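> quick check, what structure comes out for this input:
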Amino acid sequence: MKLYDSLTGKNRDFVPQGDEVKMYVCGVTPYSSAHVGHAMSYVYFDTLRRYLEFLGYQVKHVQNFTDIDDKIISAAGTQGTSPVMLVEELVEEYLMDMANLNVQPAHIYPRVTDEISRIIEMIEGLVEKDFAYESEGDVYYRVTKFKGYGKLSHRTLDGMMAGARVEPNLQKDHAMDFTLWKASKVGEPSWASPWGEGRPGWHIECSAMAVHYLGGHLDIHGGGQDLVFPHHENEIAQTEAFTGEEPFAEHWVHNGLLQIDDGKMSKSFGKMVTVREALSKFSTDGMRLFFLNSHYHSPLAYSDESIEGQQRAAQRLRTTLEIDASGDANAEAVDPEPFRKRFIAAMDDDLNTPQALASLFDLTREINRGHDDGKRIGAAQGTLRELTGVLGLRLYPEDEKTTQPASPFVELLAEIRQELRDAKQWELADRIRDRLQALGVSLEDSADGSKWRTRST
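Numbers count the residues shown, from 1 in each chain. Here you go, the predicted model:
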């Protein structure tokens with residue numbers, strides 16, 4: 001298998017360091033609902049993980065929540081709630097959105113506020129090595145100290161400065177030095193540190209969490225192309241300076257961005273369609289096919305018409321799987337192996353999902369023709385079911401209702417609720433219970449913890 005690596009600008013052989021593939025994907029900042037641009041990114045990385053597991057790899061997938069941030073503090077103030085309350089509500093919503101998109105949950109979802117001690121430890125290490133310095137309660141990373149700064153985004157410091165609007169800051173040694181620790185402001189959440197009360201800067205959190213949960217040498221670090229600079233560039237500088245080893249990641253994998261109205265879908269610019277809005281109109285399979293019919297590197301334009309077309313494509317796959325496979329046991333069988341080989345070759349070529357899907361629709365046509373000609377189609381249908389599953393397609397009959405694919409997310413929400421109960425945060429715990437109840441999931445508390453069941457079971 002080959003994967004494109006943004007650092008080298010090449011398709012490179014994917015060879016994990018050990019039996020376990022270490023994959024870190026940058027997560028959301030929950031200050032408002034997740035939008036379809038988020039959905040596209042996480043469907044792509046879900047598909048990458050599913051394919052690696054299909055190939056026989058064991059994947060350890062870590063994805064963070066940035067649960068303290070200027071935008072969270074501002075949004076909570078506007079809504080008259082606390083940052084903690086806002087984050088819990090939106091994390092719960094995000095997890096259910098991903099369940100509805102059939103995106104597998106990450107194995108670990110670390111949060112910044114749970115990792116403060118590790119973040120401080122990393123900043124202290126960078127200060128000791130002279131890669132960082134304190135100034136009036138803030139701590140900055142010294143970009144001129146790290147010789148490889150700019151290698152991911154293929155820029156130089158002079159190039160970064162040219163044409164950029166950099167506000168003068170006398171606290172910094174260099175205009176491009178970035179914040180590792182922010183001194184506290186009145187009324188904002190803060191934590192004690194060697195430099196005074198404050199909170200982490202954005203970039204340091206992912207370095208600290210990735211190193212703690214996966215080590216200083218990842219197989220895959222992923223995110224959208226808008227994170228290449230400055231976020232991932234800064235992660236490389238921080239992490240490699242702290243650990244003393246490189247590369248931080250063998251493959252930097254970045255997906256293209258979703259466009260709407262000729263611009264990037266973005267919360268900040270008010271150009272967004274939430275995941276829930278989209279799924280109120282379209283099926284999971286229609287949404288996933290819409291994303292996967294575009295190569296993950298490429299930009300994609302959002303339109304209802306395009307997704308409606310993919311809904312019809314999903315129906316063609318579903319109809320083929322529902323054909324009665326019983327027939328003459330002595331008849332010639334449809335051979336699915338050529339299509340399986342094409343699918344694998346496409347996925348091995350930097351996760352070329354458009355070509356992989358083309359092989360599956362060709363297999364669909366072969367199954368339909370074979371059925372008309374009296375051939376046996378059971379094995380071919382089995383291959384089609386298997387390979388569409390690698391792409392995360394459900395392809396249930398239209399009248400079939402099930403909550404089973406959401407089970408891992410329900411388990412995760414039940415665990416979060418139990419942790420909130422243990423911390424005596426009753427209001428947040430009750431909110432999760434009530435929201436799950438509204439979705440048809442009942443929680444039953446006992447001395448041994450919480451158990452859940454759907455209303456139909």
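> going forward, measure contacts between C-alpha atoms and count neighbours the same way
Fine.
> for residue 272, see how far away residue 26 is.
Going from residue 26 to residue 272 by CA to CA, to the nearest Å gives 19 Å.
> likewise residue 425?
Distance of residue 425 to residue 272, given as CA to CA: 32 Å.
> neighbour-wise, which of these two wins?
Ranked by neighbour count (other CA atoms under 10 Å), residue 425 and residue 272 place residue 272 first, with 22 against 13.
> just checking, the more buried one touches residue 35?
Yes. Taking CA atoms under 8 Å as the definition, residue 272 is a contact partner of residue 35 at 6.1 Å.
> and the nearest residue to residue 110 once chain neighbours are set aside, what pLDDT?
Closest residue to residue 110 apart from its sequence neighbours, by CA to CA, 6 or more residues apart in numbering: residue 64 at 4.9 Å. pLDDT, residue 64: 98.
> how many neighbouring residues does residue 64 have?
Using other CA under 10 Å, residue 64 has 21 neighbouring residues.
> now do the contacts for it.
With contact taken as CA atoms under 8 Å, 6 or more residues apart in numbering, residue 64 is in contact with 25-28, 108-112, 206, 209.
> any idea which element residue 250 lies in?
Per DSSP states H and E: residue 250 is located in strand 249-255.
> what's that strand packed up against?
Judged by 3 or more CA pairs under 8 Å, 6 or more residues apart in numbering; DSSP states H and E, strand 249-255 is in contact with strand 2-5, strand 218-224.
> so for the shortest one, what gets flagged as buried?
This means strand 2-5. 3-5 (16 or more other CA atoms under 10 Å).
> how about stretch 134-141?
Buried, per 16+ other CA under 10 Å, within stretch 134-141: 134, 137-141.
> ok, which pair from those is furthest apart?
Pairwise distances across the buried residues of stretch 134-141 (CA to CA) peak at 13.6 Å, for the pair 137 and 141.
> adjacent strands (with direction) for the host helix or strand of residue 181?
Using DSSP H and E, residue 181 maps to strand 178-183. Here strand 178-183 is paired, per DSSP bridges, with strand 138-141 (antiparallel), strand 198-200 (antiparallel).
> re earlier: okay, the residue nearest to residue 110 and residue 38: tell me how far apart.
From residue 64 across to residue 38, the span is 14 Å (CA to CA).
> what helices or strands is the one helix or strand residue 88 maps to leaning on?
According to DSSP H and E, residue 88 maps onto helix 83-100. Applying 3+ CA pairs under 8 Å, 6+ apart, we find helix 83-100 packed against helix 70-79, helix 407-422, helix 426-438.
> can you redo those as TSV with mean pLDDT?
Shown next, in TSV, are those (pLDDT from 0 to 100):
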stretch	mean pLDDT
helix 70-79	96
helix 407-422	78
helix 426-438	76
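> surely residue 16 touches residue 219?
Yes. Using CA under 8 Å, residue 16 is in contact with residue 219, at 5.9 Å.
> between those two, who's got more neighbours?
Set residue 16 next to residue 219 and count neighbours by other CA under 10 Å: residue 219 wins out with 22 against 15.
> ok, now which ones touch the more buried one?
Taking CA under 8 Å, 6+ apart, one finds 16-17, 21-23, 249-251 in contact with residue 219.
> go again using 10 Å as the cut-off
By CA atoms under 10 Å, 6 or more residues apart in numbering, the residues touching residue 219 are 14-18, 20-24, 59, 247-252.
> would you map out the domains in the chain?
The record's domain split for the chain, according to automatic domain parsing, is 2-264, 304-390, 404-454.
> which residues of this structure score low on pLDDT?
Applying pLDDT under 70 to the chain flags residues 163-168, 262, 265-270, 397-407, 438-440, 446-457.
> quick one: furthest residue from the center of it?
residue 330 (47.5 Å; CA atoms, centre = their mean).
> work out for me the element it sits within.
Per DSSP H and E, there is no helix or strand for residue 330.
> before we move on, the earlier item: out of the domains of the chain, nearest to residue 276?
Closest among the domains of the chain, using CA to CA: domain 2-264, at 6.8 Å.
> quick check: end-to-end length of the closest one?
Domain 2-264: ends 28 Å apart by CA to CA.
> with stretch 171-183 instead?
End-to-end span of stretch 171-183 (CA to CA): 12 Å.
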